[in-house]
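Q: have a look; sequence and predicted model below, questions after that.
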2 protein chains.
Amino acid sequence: MKLVISKQTLVSALQIITPITDKSSSKPILSNFLLKATGTDSEGRVEFSATDYEISIQGEFPARVEQEGTVCISAKRVLEICREFLSDEVNVGADEQLWVSLAGGPARLRLPSVEIGLYPSMEIMELPNRFRISTTELKRSIQLTLFATLTTETRKNLMGVCLQLDSGGNVRFVSTDGHRLAQVSRKVELIAGEDPPEVIIPRKSLLEMQRVLDNSEEMVEIAFDERNLLLTSGKMVMTTRLIEGKFPNVEPVIPKDNDKTISVNRERVVNALKIVSIMSNDKIKPVKLTLSSGKMRLESEQAEYGDVADELDVEGYQGEEMSIGFNARYLLDVFNEVSPSETVEMKMKGPLNPCLIQIPEDSGFLSVVMPLRIEW
Amino acid sequence: MKLVISKQTLVSALQIITPITDKSSSKPILSNFLLKATGTDSEGRVEFSATDYEISIQGEFPARVEQEGTVCISAKRVLEICREFLSDEVNVGADEQLWVSLAGGPARLRLPSVEIGLYPSMEIMELPNRFRISTTELKRSIQLTLFATLTTETRKNLMGVCLQLDSGGNVRFVSTDGHRLAQVSRKVELIAGEDPPEVIIPRKSLLEMQRVLDNSEEMVEIAFDERNLLLTSGKMVMTTRLIEGKFPNVEPVIPKDNDKTISVNRERVVNALKIVSIMSNDKIKPVKLTLSSGKMRLESEQAEYGDVADELDVEGYQGEEMSIGFNARYLLDVFNEVSPSETVEMKMKGPLNPCLIQIPEDSGFLSVVMPLRIEW
């Protein structure tokens, strides 16, 4: 194998695939990636691919290929060292003893190639349900739902974002950890799909998908069946296994008749929530919100080590004073993720009813946060 | 107690003193600081002070004082919460039950004060040996020596920087961990000192001193005896205990007749050392430097997991090819700390002799790095 590739391309490709290569020593072969050179000089192509069995990524990039071939080498070492190269191009070569060399100017890295037959094979499947979505909208939808997924292993079906597609091209992303919920509805360009199944995309795959989308073209295609999901962006393809299990029906949890609506300034609320939550030593950061005409007061519990309170203006609240408790961290998460929205709407009913959170800029988004029972 | 202080002043003062307040729970009282208000409205002053028994810091700042008083409260909580306040000023008050309140606009923090008599007392001593040095020079001297101090507890007398002052106003900062050495000589303004002792300033105190110096006036004063050192910058005073013990005589370690001098580009060497040291799994990152006319080659050992090499231009080397081994990390430390110097001079003798490192901009600085015996 012999080829010349731009250093920028090599580093970008490795930044996307290295996070899925395995750092643990239990399966050392998964710390490698496949580098495959095909074509001839002017139409040469290099394919990068890696898998951790759950997620696979393949990407094809232009290169000047002198001699075709495939090698399987350590992703982390190639990334860490090649990114320090001062040259614009990297010369890659492999001899028959399968030592691979990567040279950038006078700097040269030499690595042994693993026998490529030992590397798990990845195949790109044809999947029946397919739609196209803009990269910006997909990124935003992931950002607006990922925070509400469950991070502990207690309920596997909540450790990801549920994707629902109907035959009219309406797609819905929903997540919940039992204490809060986030949902984004979008209209997409349906390509194929008759009665598509509801599927759950693991949070780890969504984190990786965000990296792929950072390097994507304007539109991407998503295809899926019950078990696998495939994201295609130009010459880059990411495949992921889906979480087996049924996602709960969240419809009954979304409040329909919360009549106490207030508008607040997002940044000011984030500031007040930070101030109030610093005080608490707990993992749960209880905060008491007290609404009165035009004002919202936030308070931590009075403790022997002290307490803290803040007050800010709200629009829209009329009626009697009402107090309601929340985990400040849950409110902070929503208020942070809906950035850069200036205004946030909170719709409440009573001290024991969930709060509905929306933003004026995006009627397809909603979040629900369960209240905390507080007795102070 | 009742006063108004600028939020900026409060936060800056706490950023300096909070790192020395104790985070461990073994001596909970040391997590607090003393806040003392004196004077009247137009000439009011607030003194911040904290100690961890080893290091003490006191600083005085202007404030509008309505009622004098002293409280002792958690440094970390006040810093973390007051820094989020949106107001320009903070109102501080304490009632007789010793609840202290800090309010910034509508946000308000309430903390219990510890009985101030329980907090360890700090006194500012008169120390016999004193000199004045510019803040910039002192900061640079600390930076150029701190990296070569010992970080493990194996030899206590090497866990700091040795300060030597002579009666002519020449001051020398020296550090060594047994594998490398750094030394800075400066001319200072001697105020008092007859036969001043050689003292060792702990590295922890120097780290804290850097923070104090970041907020210092142009010139600072240092005073010391065998056991204590005192840094005065305007209204801010830092006291530190010194390390007991004798610092080794490093004079014989500094090479006098290293005749192979090369000039190298600092950034290029840092780049090559990074490339070569990434490859090594060891804590010691052995690198082989091979000098030939006009060139220096850097190589890692050839291992089953691969190897890496780089080559760069050097000025000044004539003679036969010579190879010498080093711990790449030690070279990286010196080359990084002498930034922004463009050129670095390396003076060598043979493969088993220490290397002397100097920079053209600062004839008062030198560093010595011991070679590694390498057999590849």
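A: Thanks, I have it.
Q: so where do the strands sit in the stretch 251-376 of chain A?
A: A:260-265, A:286-292, A:295-299, A:307-313, A:322-327, A:343-348, A:355-359, A:362-369 (DSSP state E, counting those that start in this stretch).
Q: show me what the longest one is packed up against.
A: Here strand A:362-369 is seen to pack against strand A:180-187, helix A:328-337, strand A:355-359 when contacts are counted using 3 or more Cβ pairs under 8 Å, 6 or more residues apart in numbering or on different chains; DSSP states H and E. Glycine gets a C-beta too; all of them are placed from N, C-alpha and C.
Q: okay, the nearest residue to A:Pro28 once chain neighbours are set aside and B:Glu299: tell me how far apart.
A: Sequence neighbours aside, A:Asp22 is the residue nearest to A:Pro28 in space, at 7.9 Å (criterion: Cβ to Cβ, 6 or more residues apart in numbering or on different chains). The gap separating A:Asp22 from B:Glu299 is 29 Å, by Cβ to Cβ, to the nearest Å.
Q: shaky segments in the stretch 101-250 of chain A?
A: Within the stretch 101-250 of chain A, not a single segment meets pLDDT under 70.
Q: what residues does it have near chain B?
A: Taking Cβ under 8 Å from any Cβ of the partner chain as the contact definition, the stretch 101-250 of chain A meets chain B at A:Pro106, A:Ala107, A:Arg108, A:Leu109, A:Arg110, A:Leu111, A:Pro112.
Q: filter the residues you listed down to just the ones in strands.
A: Taking DSSP state E as the definition of strands, those contribute A:Ala107, A:Arg108, A:Leu109, A:Arg110, A:Leu111, A:Pro112.
Q: scan those and report the most crowded one.
A: Among these, A:Leu109 has the most neighbours (other Cβ atoms under 10 Å in any protein chain shown), with 30 neighbours.
Q: distance from the host helix or strand of A:Arg132 to the middle of the chain?
A: Element membership of A:Arg132, judged by DSSP states H and E, is strand A:129-134. Put simply, strand A:129-134 sits 17 Å off its chain's centre (Cα atoms, centre = their mean, to the nearest Å).
Q: partners of that strand in the sheet?
A: Strand A:129-134 pairs in its sheet with strand A:189-192 (antiparallel), strand A:219-224 (antiparallel), by DSSP bridges.
Q: who are the packing partners of the next helix-or-strand element following the first one?
A: Toward the C-terminal end, the helix or strand that comes next after strand A:189-192 (DSSP H and E) is strand A:199-202. Contacts defined by 3+ Cβ pairs under 8 Å, 6+ apart place strand A:199-202 against strand A:160-165, strand A:236-241.
Q: among the ones you listed, show me which one is buried the most.
A: strand A:160-165 (a mean of 23; mean count of other Cβ atoms under 10 Å in any protein chain shown).
Q: and the angle from that one to strand A:236-241?
A: If you take axes from the mean of the first three to the mean of the last three Cα atoms, to 10 degrees, strand A:160-165 sits at 110 degrees to strand A:236-241.
Q: and whichever helix or strand comes after strand A:160-165, which residues are buried?
A: Later in the chain than strand A:160-165, the nearest helix or strand by DSSP H and E is strand A:170-176. Using 16 or more other Cβ atoms under 10 Å in any protein chain shown as the test for burial, strand A:170-176 gives A:Val171, A:Arg172, A:Phe173, A:Val174, A:Ser175, A:Thr176.
Q: and for stretch A:122-134?
A: Within stretch A:122-134, the residues scored as buried using 16+ other Cβ under 10 Å are A:Met122, A:Leu127, A:Asn129, A:Arg130, A:Phe131, A:Ile133, A:Ser134.
Q: ok, so of the residues you listed, who is nearest chain B?
A: Chain B has its nearest neighbour among the buried residues of stretch A:122-134 in A:Met122, at 24.5 Å by Cβ to the nearest Cβ.
Q: nearest spatial neighbour of the closest one, chain-adjacent residues omitted?
A: In space, A:Met122 is closest to A:Ser56, 4.3 Å off (Cβ to Cβ, 6+ apart).
Q: how is chain A carved up into domains?
A: Using automatic domain parsing, the domain parsing of chain A gives A:2-118, A:129-241, A:254-369.
Q: where does A:Met322 land on pLDDT?
A: If you check A:Met322, the pLDDT there is 95.
Q: that one - how many residues pack around it?
A: Using other Cβ under 10 Å, A:Met322 has 15 other residues around it.
Q: for it, list each beta-bridge partner.
A: Taking DSSP bridges as the rule, A:Met322 bridges to A:Leu291.
Q: same question, A:Arg108
A: Taking DSSP bridges as the rule, A:Arg108 bridges to A:Ala103, B:Ala309.
Q: distance of it from B:Leu289?
A: 16 Å.
Q: ditto for A:Val199
A: Relative to B:Leu289, A:Val199 is positioned 57 Å away (Cβ to Cβ).
Q: these two: who's more crowded?
A: Using other Cβ under 10 Å as the criterion, A:Val199 and B:Leu289 rank with B:Leu289 on top: 27 against 22.
Q: once you drop chain neighbours, what's closest to the more buried one?
A: B:Ile324 (5.3 Å).
Q: so who does A:Met1 touch?
A: Residues counted as contacts of A:Met1 (Cβ atoms under 8 Å, 6 or more residues apart in numbering or on different chains) are A:Ala37, A:Gln67, A:Glu68, A:Gly69, A:Thr70, A:Val71, A:Val92, A:Gly93, A:Ala94, A:Val100.
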